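Visitor: sequence? don't have it. structure:
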Ligand SMILES: [Zn+2]
């Protein structure tokens, strides 16, 4: 960021819940491809149809709220948010306004080596809209479309909106918050949280001000951000754009902007002045939503270990923060890691093997981490072979990758590939004695204080042993026997 | 011999089980009645002849096979045309829904079918139930069988007229501010608005969701009890329906009023009420006292503001409820070319009638930023006051009484040009919708012009058993057994 300037960023995140049925009817929430096949009188807003809240969705939002350290309102209210749009069947969206299900939370986020806390203003429940497809000359833009096709399969899918305080200060923090939120939602199992399919979507509110200014600058809201990387890029673009506008004497309009992935720019969609008055009022079709302390506690008891706690546990078992994050973010690796460490393998070595060697190997071949043959038992055995001096560190990596490919257990692979080191000091000592006997001149030099020939003697012993002696044992013996 | 169409539901049920006649005979009787009266009344928008015949035949077969579905088995009834009936036109009397056939049954429809009732057709109403005269229908005005120059009241005027004239043994309407009770009063029928939540609203085309409630029209209090019991009770499809036992409405009908505290509502018994209506109401109050009730005056101060609050809350809710009629998924779609927005706004402008548009505009305004607090917010506060005042009144009285309508039936066209005068028709009825409490109208006599007068009995929430007990006594004390001349004069209709 340009010196002298500060960015103030708040994020609104929509998360589609993966409940069996929709928010207010019994249609499947798992959207079929064939348009308009998961619809009923309620989600099509036929005359006379009424909404009935889905309890599982309420459990989902309470889980999210609890994981984000929110207060859960015992009684919360549904509102109607009124606006006309063809893919909104009732022409109002059932949402929340005052008294959302969850309020006043916070989430710690790691950015590089620092940790920042992002405040959560509210987490509220609403329903998704249908999908419009604009067909015609205009390349998908509504104004140039020849006609519009509507698919109401998504209409009424439960949607949770998570709104942060304007606590975020950089594109990196925005991305880190987005990533942490995605991890939490995935860990809770309440959504597949896929940015690319839109089951998780970010809107970024960005403003800038000169450092030292007390008042907030005018903000823009950027939509259509569909990856963590583009979240970071879009926020960075907006910050730079706004600084440039202000420095050249212009002013920022409060407006909605559209992130364009290809051009790497945001463009204006509409200004807020023209936008609608949503005329929120409490939905008379729905009673206040009660989350009793008993229900809240029952839901709380189902919340699994959260990613931050998981990472801290990994760090405690010997890996660094970055490795812990990589392990925790990949279910296939974290389960191998946890099982191996549980069985006594050293965390540090196993962490490096998994996140470095295994990931590198599988990615190189475009493979699938979930499909590898490596087991936790393999890791335990491999670690103990290294520890016992039976494998050199380079041989261990060779064995590891062979195990990934399904060639068998580490001991089988090491034997088959003839990689076992001799660390039996009796055999090694005989070879050392033989080499020393043949190289008396080198021995004398060493005993006179010149350490250089040690390397030569090491090489001779290793050759004698066919390369399979534990170098540490050899070195120790040579030192002992040439010590004056 | 009595025409079968003039039997009560209880009498018809008795005859069916004795084998004196069949359900098909009952259907033929009401069909004959409709055939001679409909040209003058226009109570129905749709007669489902085929569906009704099949249902009557099925009812007869079931009864013959010993499968008795209860007191509505084989009884022809009508539904206001804002309740969904699978495959049968359901229009809410609006051009915007002309020809729309629902793919599903309202819960009330389904429960009536399960109870063996024969649904004869769909009755006229003010468009989307917005009105008090059934003149606001896109498909023509319904007339009052007592005098076809007058209105039957509204918005459920079609159901009221059909029951009054004998084209159905009973009917269902919806009551948002008096839309069952006021037409019942104007047509000499019994009309009931149950406690909010007692009858499922699923499949009722919403006007104002927090006020709408479905209830029956009948010729007697006992028939009304039979009809209401058949449809009452929790429905998982309506989140506002009450999960509790269905009241036993018929059990207490003979118990009388001795020892009960009956409160005359001061605010609804003076200015603005027609003197003949007031006199008739006081006359029944005196008789209740003679019958052993303790009749007292009870004030419900906030009821004076109820009408104003009602005409903000109902339009506000309707402005959102009617947003779904946009020409996109069903109903009228404009032929005007343009953007999607143009399509939606033209479809709505063409499809809705003037009163509906007036209320959508009022409601949109009342909810707008900058006006919400002064209008909608303030009206909600009045609503709370009305609830509190009623609760206080029911500390002193077991039931409250008042006239149902400030006047008897008025002339067609008389109030059509003056919305405020029309809105005043609901002055005695709206408070119960705001409070959510039950209320019903019982006919007690005729005015000097030969038009029926209705008497309102109100009770606290879920106090239907007490309300029906008092209503039954009112019915006995009034001894009102007159019938609309149109029903008995073999169609000699003046005008
Ligand atoms: Zn549905």
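Guide: Structure's in. What do you need? What you see is a predicted model; the values in this text were computed from it and never measured. Numbers count the residues shown, from 1 in each chain, chains lettered A, B, ... in the order given.
Visitor: now the closest residue to residue A:162 other than its chain neighbours: how far from chain B?
Guide: Nearest non-adjacent residue to residue A:162, counting by CB to CB, 6 or more residues apart in numbering or on different chains: residue A:13, 4.5 Å away. For glycine as for every other residue, the C-beta is placed from the backbone atoms N, C-alpha and C. As judged by CB to the nearest CB, to the nearest Å, residue A:13 and chain B stand 26 Å apart.
Visitor: if I've got this straight, residue A:13 is in a helix?
Guide: No - looking at residue A:13 with DSSP: H, G, I helix; E, B strand; the rest coil, it is strand, so not inside a helix.
Visitor: so how many other residues sit close to it?
Guide: Residues contacting residue A:13 under the criterion other CB atoms under 10 Å in any protein chain shown number 22.
Visitor: hang on, isn't residue A:439 packed against residue A:454?
Guide: No - in this structure, residue A:439 is not within contact of residue A:454 by CB atoms under 8 Å, at 11.2 Å.
Visitor: So, low pLDDT: which residues of the stretch 301-450 of chain A?
Guide: A:423-424 (pLDDT under 70).
Visitor: those helices in it, which residues are they?
Guide: Here the stretch 301-450 of chain A has its helices, by DSSP state H, counting those that start in this stretch, at A:307-316, A:321-329, A:331-342, A:347-352, A:359-364, A:376-387, A:393-404, A:410-416, A:425-438, A:440-447.
Visitor: would you turn the ones you listed into TSV with mean neighbour count and distance to the ion?
Guide: What follows is the helices of the stretch 301-450 of chain A, written out as TSV (neighbours: other CB atoms under 10 Å in any protein chain shown; distance: least, CB to the ion, whole Å):
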stretch	mean neighbour count	distance to the ion
helix A:307-316	17	34
helix A:321-329	21	35
helix A:331-342	19	32
helix A:347-352	21	47
helix A:359-364	14	42
helix A:376-387	20	45
helix A:393-404	19	46
helix A:410-416	18	55
helix A:425-438	16	76
helix A:440-447	15	86
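Visitor: Out of those helices, flag the one nearest chain B.
Guide: helix A:307-316 (35.7 Å; CB to the nearest CB).
Visitor: ok and the closest one relative to helix A:321-329, angle-wise?
Guide: If you take axes from the mean of the first three to the mean of the last three CA atoms, to 10 degrees, helix A:307-316 sits at 130 degrees to helix A:321-329.
Visitor: ok, residues contacting helix A:307-316?
Guide: A:108, A:180, A:183-184, A:187, A:305, A:321, A:323-325, A:327-329, A:334, A:337, A:347, A:351 (CB atoms under 8 Å, 6 or more residues apart in numbering or on different chains).
Visitor: Now with 10 Å, please.
Guide: A:67, A:107-110, A:115, A:179-180, A:182-184, A:186-187, A:304-306, A:319-321, A:323-329, A:334, A:337-338, A:341, A:347, A:351 (CB atoms under 10 Å, 6 or more residues apart in numbering or on different chains).
Visitor: before we move on, the earlier item: residues that sit against both of residue A:439 and residue A:454, list them.
Guide: A:445, A:446.
Visitor: and the residue of chain B positioned farthest from its centre, what pLDDT?
Guide: Distance from the C-alpha centroid of chain B peaks at residue B:338, with 40.9 Å (CA atoms, centre = their mean). Per-residue pLDDT puts residue B:338 at 87.
Visitor: ok, the residue of the stretch 1-150 of chain B found nearest the ion - contacts?
Guide: Using CB to the ion, residue B:104 is the residue of the stretch 1-150 of chain B that sits closest to the ion, at 11.4 Å. Counting by CB under 10 Å, 6+ apart, residue B:104 touches A:40-42, A:46, A:48-49, B:84-87, B:110, B:202-203, B:237.
Visitor: Which parts of the stretch 151-300 of chain A are helices?
Guide: Using DSSP H, counting those that start in this stretch, helices in the stretch 151-300 of chain A cover A:171-188, A:228-247, A:293-300.
Visitor: okay, those helices in a markdown table with distance to residue A:401, mean pLDDT and mean neighbour count next?
Guide: Output for the helices of the stretch 151-300 of chain A, formatted as a markdown table (distance: least, CB to CB, whole Å; pLDDT from 0 to 100; neighbours: other CB atoms under 10 Å in any protein chain shown):
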| stretch | distance to residue A:401 | mean pLDDT | mean neighbour count |
| --- | --- | --- | --- |
| helix A:171-188 | 28 | 96 | 22 |
| helix A:228-247 | 29 | 96 | 20 |
| helix A:293-300 | 43 | 96 | 13 |
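Visitor: wait, which of these is closest to chain B?
Guide: Minimum separation from chain B across the helices of the stretch 151-300 of chain A (CB to the nearest CB) falls at helix A:293-300, 17.0 Å.
Visitor: Tell me if that closest one is near chain B.
Guide: No - if you take CB under 10 Å from any CB of the partner chain as the test, helix A:293-300 misses chain B, and the best it gets is 17.0 Å.
Visitor: now what about that helix, what contacts it?
Guide: Contacts of helix A:293-300 (CB under 10 Å, 6+ apart): A:55, A:58-63, A:65-67, A:72, A:74, A:291-292.
Visitor: What subset of those residues is buried?
Guide: A:58, A:59, A:60, A:61, A:62, A:63, A:65, A:66, A:67, A:72, A:291 (16 or more other CB atoms under 10 Å in any protein chain shown).
Visitor: Pick out whichever of these sits closest to chain B.
Guide: residue A:58 (12.6 Å).
Visitor: residues making contact with the host helix or strand of residue B:61?
Guide: Using DSSP states H and E, residue B:61 maps to helix B:49-64. With contact meaning CB under 10 Å, 6+ apart, helix B:49-64 is reached by B:16-17, B:19, B:21-28, B:30-31, B:48, B:67-69, B:72-78, B:85-88, B:112-113, B:116-121.
Visitor: do that again at 7 Å, thanks
Guide: B:16, B:22-24, B:27, B:69, B:73-74, B:76, B:88, B:116, B:118-120 (CB atoms under 7 Å, 6 or more residues apart in numbering or on different chains).
Visitor: Tell me which of these fall in helices.
Guide: Among the contacts of helix B:49-64, the members falling in helices are B:16, B:23, B:24, B:27 (criterion: DSSP state H).
Visitor: Against residue A:25, how distant is the closest residue to the last one other than its chain neighbours?
Guide: Once its chain neighbours are removed from consideration, residue B:27 has its nearest residue in residue B:56; the separation is 4.4 Å (CB to CB, 6+ apart). In this view, residue B:56 and residue A:25 are 34 Å apart by CB to CB, to the nearest Å.
Visitor: residues in the stretch 1-150 of chain B within reach of chain A, list them.
Guide: B:84, B:97, B:102, B:103, B:104, B:106 (CB under 7 Å from any CB of the partner chain).
Visitor: most neighbours, which of these?
Guide: Of the residues of the stretch 1-150 of chain B next to chain A, with other CB under 10 Å as the count, residue B:106 tops at 30 neighbours.
Visitor: Residue A:202 - how many residues pack around it?
Guide: 28.
Visitor: Look up which residues are beta-bridged to it.
Guide: Legend: beta-bridge partners of residue A:202 under DSSP bridges are residue A:13, residue A:225.
Visitor: what about it, distance to the ion?
Guide: Using CB to the ion, to the nearest Å, residue A:202 is found at 27 Å from the ion.
Visitor: show me the contacts for that residue.
Guide: Contacts of residue A:202 by CB under 7 Å, 6+ apart are A:11, A:13, A:178, A:225, A:231.
Visitor: So which of these is the closest to residue B:295?
Guide: Closest approach between the contacts of residue A:202 and residue B:295, by CB to CB: residue A:13, at 63.3 Å.
Visitor: Give me every residue in chain A lying close to chain B.
Guide: Counting by CB under 7 Å from any CB, the residues of chain A that sit close to chain B are A:41, A:44-48, A:50-53, A:80, A:82, A:84, A:86, A:89-92, A:148, A:277, A:279, A:281, A:284-287.
Visitor: Of these, just the buried ones, PyMOL syntax please.
Guide: The following PyMOL line selects those of those that are buried, judged by 16+ other CB under 10 Å:
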select buried, chain A and resi 41+44+45+46+47+48+50+51+52+53+80+82+84+86+89+90+91+92+148+279+281+284+285+286
